[in-house]
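Undergrad: what shape does this take:
(2 chains)
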There are 2 protein chains.
Amino acid sequence: MGFRVAVVGATGLVGQQVLRVLEERRFPVEELRPLATSRSAGRTVEFGGTTWEVGEATAGALAGVDFAFFAASGDVSKELAPVAARAGAVVIDKSNTFRMDPEVPLVVPEVNGHALARHRNLIASPNCSTIQLVVALKPILDRFGLEQVVVSTYQAVSGTGAAALDELEAEVRAGVEGRVHGPQVYPQPIAFNVLPHCDRFEAEGYTLEEWKLVRETRKILEQPGLAVTATAVRVPVRVGHSEAVWLRTREEATVDDLRSALQAAPGVVVVDDPGAGAYPTPLQVAGRDEVYVGRLRHDPAVPRAFWLWIVADNLRKGAATNAVQIAEALVAAGAPSRH
Amino acid sequence: MGFRVAVVGATGLVGQQVLRVLEERRFPVEELRPLATSRSAGRTVEFGGTTWEVGEATAGALAGVDFAFFAASGDVSKELAPVAARAGAVVIDKSNTFRMDPEVPLVVPEVNGHALARHRNLIASPNCSTIQLVVALKPILDRFGLEQVVVSTYQAVSGTGAAALDELEAEVRAGVEGRVHGPQVYPQPIAFNVLPHCDRFEAEGYTLEEWKLVRETRKILEQPGLAVTATAVRVPVRVGHSEAVWLRTREEATVDDLRSALQAAPGVVVVDDPGAGAYPTPLQVAGRDEVYVGRLRHDPAVPRAFWLWIVADNLRKGAATNAVQIAEALVAAGAPSRH
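TA: Presented below is the predicted three-dimensional model:
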């Protein structure tokens, strides 16, 4: 008894993680269809102790599946996700394509799992930097309200994809060997550098990544007027996004109040004993499924203002784990039915 | 005709840069006394095409000098800077020791050069992350007022010193060679990681680096009540601190107003054409003496709120260049007199 599961983009960084997370969490996969664009079809992936050949992602290949995880480009999602959804699959899409569609739930299960109730076979999983932010903001919002959020990100290279990880490694290796490796994925070297530039530039001088953080946070938290703003920065870290977050609550709160709220929140781990060197870092958090919060403190100059330092694995909770958790929540709610 | 100049900490990263900047800017050095603690005395440094032996920093070695640049530890400054000042030297101290002493001017020449007028032979140069912040804030403060500043830093490893740079290189090289190099300078690896931990932890969960940013900014800008707060983060960059700064002005302003103010400000270079890939990064800015500002934009959700991205070479404008500029300003004002 299980589900027919397609993973579109199965050879990519996120697709690979979806396979790992499905295994680790023992998601009831009866039949696996690892799919990719024609460029990567024919390669193999490992799942459940078996080697699987990757098929080409087409409407035919998606026919009859129960769950389709889309972890490919926005173009692939745009073309095939609605086709798969109409054919009866529950599509969980990691791309930006449908996230702001009012008909499409944008879901982080521990934050707004209730939004799944009104899905029409197409559910969007948020951007990596949004997911970890809203997981930490939600318990604060619920208890104290949120008046304002200011985010600066420290985003890992794996968020850009495998080619960017290769570029970081090539630049580092070239440096050690006394050579220069010119950047191709990024406009400037990422090794030993930081780039205030994630995704393309859009309106008002903000990048798409920064707009995603703003718009998706408002939609997930159901706070359409929330004052939230961001600067998104790429740093030479392989896996694990970090965020320095300054926020103001609506109600009075203390640091201990915030700590209690976060400690009680699902999916959050508070690591906050700086005197003992305890704060989360991306190297520590890579491979984990929770959102880690540390450096909790009050801003002494502004009433009801606080800092958080939020770190999560961008490929897992920021992508694959969240997508699988969406599927698990749907299964727990009884749909689709198993074969 | 020139000055007798001592550089205390001449073998360190900042001391070396002081020597380079004195050369480059043709500071009128009649006699150089490169000094260091007993551990480094006897080593040699290059200056003006000559090799100089480094003497031990003692009261005797500092007797009779006109300018003493202190770029050693706080302990060395605490012991010897007052001695040198009493003996008649103008001491320009890079350490944290005297910065918040109300009797000691804390100076960034293009921001508060007027504070030099009341010096008593001891002038403090601010922390690296403060200097680049106030250079960019000052023109905004002067034209539009400042109500609030929220800073997240991306600080280079050279800010910690030569041993930290060696540690970053060793970790990177070990990684390329498939080995592990355990951290010694930092509590966790800095290669491929970010650490929300610069300097030691102090009151209210803030690090000393974060408190420096707050207190020094208020003193230099002469805004004792300014709401300014920071999260300081170490990133695997060799040279060049970056800061994502969200601020609110008192008066109405547009992004173009801020850009004009910054373009007209001494020591500021605006690099802000993101569509053409133009924004400052630490790799670009290393070796330069100006403060670079980009990513100017309005926060659409909050009146009079803006973002800046500020980058500067932490060893030059953040340390050596600022110290030499203080000496130049004093020379321009006519004191001390040349020999």
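Undergrad: quick check: A:Ala61 is in a helix.
TA: Yes: counting by DSSP: H, G, I helix; E, B strand; the rest coil, one finds A:Ala61 located in a helix.
Undergrad: spell out which parts of the stretch 201-339 of chain A neighbour chain B.
TA: Contact residues, the stretch 201-339 of chain A versus chain B (Cβ under 8 Å from any Cβ of the partner chain): A:201, A:204-207, A:214, A:226-229, A:231, A:233, A:235-238, A:242, A:244, A:246, A:255, A:274-275, A:277, A:279, A:281-284, A:294-302, A:305, A:307, A:309. Every C-beta, even on glycine, is put in place using the N, C-alpha and C of the backbone.
Undergrad: just the buried members of the residues you listed?
TA: A:201, A:205-207, A:214, A:226-229, A:231, A:233, A:235-238, A:242, A:244, A:246, A:274, A:279, A:281-284, A:294-299, A:301-302, A:305, A:307, A:309 (16 or more other Cβ atoms under 10 Å in any protein chain shown).
Undergrad: for stretch A:266-285, which outside residues touch it?
TA: Residues from elsewhere that reach stretch A:266-285 (Cβ atoms under 8 Å, 6 or more residues apart in numbering or on different chains): A:110, A:135-136, A:139, A:154, A:156, A:237, A:239-242, A:259, A:262-263, A:289-296, A:309-313, A:317, B:187-189, B:192-197, B:201, B:205, B:207.
Undergrad: just checking, which of the buried ones among the residues of the stretch 201-339 of chain A next to chain B belong to helices?
TA: A:Val214, A:Pro282, A:Leu283, A:Gln284 (DSSP state H).
Undergrad: go ahead and confirm the first one touches A:Val228.
TA: Yes: counting by Cβ atoms under 8 Å, A:Val228 is a contact partner of A:Val214 at 5.3 Å.
Undergrad: anything in contact with each of those two?
TA: Residues touching both A:Val214 and A:Val228 (Cβ under 8 Å, 6+ apart) are B:Ala301.
Undergrad: what is the rounded mean pLDDT of the lengthiest helix in chain A?
TA: In chain A, with assignment by DSSP H, the single longest helix is helix A:128-144. Mean pLDDT, helix A:128-144: 98.
Undergrad: just the buried residues of the contacts of stretch A:266-285.
TA: Using 16+ other Cβ under 10 Å as the burial test, those include A:110, A:135-136, A:139, A:154, A:156, A:237, A:239-242, A:262, A:289-296, A:309-313, A:317, B:189, B:192-197, B:201, B:205, B:207 as buried.
Undergrad: any stretches of the stretch 201-339 of chain A with poor pLDDT?
TA: Within the stretch 201-339 of chain A, the stretches with pLDDT under 70 are A:337-339.
Undergrad: so which residues of it form strands?
TA: In the stretch 201-339 of chain A, strands defined by DSSP state E, counting those that start in this stretch lie at A:227-231, A:241-249, A:268-270, A:291-298, A:305-312, listed in chain order.
Undergrad: nearest to A:Arg99, out of the ones you listed?
TA: Closest to A:Arg99 of the strands of the stretch 201-339 of chain A is strand A:227-231 (Cβ to Cβ; 15.4 Å).
Undergrad: for the closest one, packing partners?
TA: Secondary-structure packing of strand A:227-231 (3 or more Cβ pairs under 8 Å, 6 or more residues apart in numbering or on different chains; DSSP states H and E): strand A:146-154, helix A:208-221, strand B:241-249, strand B:305-312.
Undergrad: now distance to A:Lys94 too, for those, in CSV please.
TA: CSV is the format used below for the helices and strands packed on strand A:227-231 (distance: least, Cβ to Cβ, whole Å):
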stretch, distance to A:Lys94
strand A:146-154, 18
helix A:208-221, 12
strand B:241-249, 26
strand B:305-312, 28
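Undergrad: which of the ones you listed is buried the deepest?
TA: For the helices and strands packed on strand A:227-231, the largest average neighbour count (mean count of other Cβ atoms under 10 Å in any protein chain shown) is found in strand B:305-312, namely a mean of 26.
Undergrad: pairing partners for that one, with directions?
TA: Strand B:305-312 has the following strand partners under DSSP bridges: strand B:241-249 (antiparallel), strand B:291-298 (antiparallel).
Undergrad: let's have those strands in TSV, adding distance to B:Glu79.
TA: TSV is the format used below for those (distance: least, Cβ to Cβ, whole Å):
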stretch	distance to B:Glu79
strand B:241-249	28
strand B:291-298	32
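Undergrad: ok, whatever residue of the stretch 1-150 of chain A ends up closest to chain B - contacts?
TA: Nearest residue of the stretch 1-150 of chain A to chain B: A:Val150, at 4.8 Å (Cβ to the nearest Cβ). With contact taken as Cβ under 8 Å, 6+ apart, A:Val150 is in contact with A:Val228, A:Thr229, A:Ala230, A:Val245, A:Trp246, A:Leu247, B:Val150, B:Trp246.
Undergrad: what's the farthest-apart pair in the residues you listed?
TA: Using Cβ to Cβ, the pair of these lying farthest apart is A:Val228 and B:Val150, separated by 13.1 Å.
Undergrad: touching chain B at all, stretch A:156-173?
TA: Yes: Stretch A:156-173 lies within reach of chain B by Cβ under 8 Å from any Cβ, at A:Val172, A:Arg173.
Undergrad: could you dump that stretch to CSV, C-alpha only?
TA: Only the C-alpha atoms of stretch A:156-173 are listed here, as CSV (Å, rounded to 0.1, in the frame of the first residue of the first chain):
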residue,chain,number,x,y,z
ALA,A,156,24.5,29.4,0.6
VAL,A,157,25.7,28.7,-3.0
SER,A,158,23.7,25.5,-3.2
GLY,A,159,20.6,27.7,-3.4
THR,A,160,21.7,28.6,-6.9
GLY,A,161,22.2,25.0,-7.9
ALA,A,162,24.9,22.4,-8.7
ALA,A,163,26.7,24.5,-11.2
ALA,A,164,27.2,27.3,-8.6
LEU,A,165,28.6,24.8,-6.1
ASP,A,166,31.0,23.6,-8.8
GLU,A,167,32.0,27.2,-9.4
LEU,A,168,32.7,27.8,-5.7
GLU,A,169,34.9,24.7,-5.6
ALA,A,170,36.7,25.6,-8.8
GLU,A,171,37.4,29.1,-7.6
VAL,A,172,38.7,27.8,-4.2
ARG,A,173,40.8,25.1,-5.8
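Undergrad: contacts made by that stretch with the rest, please.
TA: Contact with stretch A:156-173 is made by A:12-13, A:128-129, A:181, A:183-186, A:189-191, A:198, A:234-241, A:282, A:314-315, A:318, B:172, B:175-176, as judged by Cβ under 8 Å, 6+ apart.
Undergrad: buried residues, that stretch. List them.
TA: A:156-160, A:164-165, A:167-173.
Undergrad: could those be laid out in a markdown table, adding secondary structure and pLDDT?
TA: As requested, these are exported to a markdown table (DSSP: H, G, I helix; E, B strand; the rest coil; pLDDT from 0 to 100):
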| residue | secondary structure | pLDDT |
| --- | --- | --- |
| A:Ala156 | coil | 98 |
| A:Val157 | helix | 98 |
| A:Ser158 | helix | 97 |
| A:Gly159 | helix | 96 |
| A:Thr160 | coil | 96 |
| A:Ala164 | helix | 97 |
| A:Leu165 | helix | 97 |
| A:Glu167 | helix | 97 |
| A:Leu168 | helix | 97 |
| A:Glu169 | helix | 96 |
| A:Ala170 | helix | 96 |
| A:Glu171 | helix | 97 |
| A:Val172 | helix | 95 |
| A:Arg173 | helix | 93 |
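Undergrad: tell me the one among the residues you listed nearest to B:Ala61.
TA: Comparing these against B:Ala61 with Cβ to Cβ places A:Val172 closest, at 42.6 Å.
Undergrad: next one: that closest one from A:Leu165, what distance?
TA: 11 Å (Cβ to Cβ, to the nearest Å).
Undergrad: ok, now A:Ala323?
TA: Note on A:Ala323: its distance to A:Leu165, by Cβ to Cβ, is 20 Å.
Undergrad: any residue of stretch A:174-183 up close to chain B?
TA: Yes: Stretch A:174-183 comes into contact with chain B (Cβ under 8 Å from any Cβ), by way of A:Gly175, A:Val176.
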